[in-house]
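# test case, fold it:
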Amino acid sequence: MNNEDIQSFKWKFECWLRCMGGKAPKGILTDQCTSIQRAIELCMPTTIHRWCIWHIMKKIPSKLNSHKGHIDIEQEMSHVLWNSYTKDIFDKNWKDFLTKYGLGGKKWLSGN
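Now for the predicted structure:
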């Protein structure tokens, strides 16, 4: 798309919904684009929108490179994300990870 504003994405989603007989998906994964997010909220308010893990993980090195041992942190984070097979196990592993590396106060990681 040449123009990645809310109205352009809204138009795209409205066309897509017409092709799908007006039925919105239960969930959708996108990159972290606020225009896409807003267009989804407007066109498909019942659709659960999540950010793509690939796009999130791409940003991790730049977020963590100021931390001592950031390579170990990145490797353990990746292990937690890809090897926690249930929500309960992920929640425990994530909490342990944040505590181990003192990252609990990082809003972009902990949701605080």
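# quick one, strands of the protein?
Ranges of strands in the chain, per DSSP state E, are 27-30, 48-51.
# adding distance to Lys100 and mean pLDDT, write the ones you listed out as a markdown table.
Every residue, glycine included, has its C-beta placed from N, CA and C. Formatted as a markdown table, the strands of the chain follow (distance: least, CB to CB, whole Å; pLDDT from 0 to 100):
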| stretch | distance to Lys100 | mean pLDDT |
| --- | --- | --- |
| strand 27-30 | 28 | 96 |
| strand 48-51 | 24 | 94 |
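# turn these into CSV, including distance to Lys59 and mean neighbour count.
Formatted as CSV, the strands of the chain follow (distance: least, CB to CB, whole Å; neighbours: other CB atoms under 10 Å):
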stretch, distance to Lys59, mean neighbour count
strand 27-30, 14, 13
strand 48-51, 10, 12
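# now distance to Gly105 too, for those, in TSV please.
Converted to TSV, the strands of the chain look like this (distance: least, CB to CB, whole Å):
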stretch	distance to Gly105
strand 27-30	28
strand 48-51	21
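# quick check, Thr30 in contact with Ala39.
No. Counting by CB atoms under 8 Å, Thr30 does not reach Ala39; the two are 9.8 Å apart.
# nearest residue to Gly69 in space, please, no chain neighbours.
Tyr101 (7.9 Å; CB to CB, 6 or more residues apart in numbering).
# Leu81: neighbour count?
Leu81: 16 surrounding residues under other CB atoms under 10 Å.
# skip the chain neighbours and tell me the closest residue to it.
Using CB to CB, 6+ apart, the closest residue to Leu81 is Ile53 (6.7 Å).
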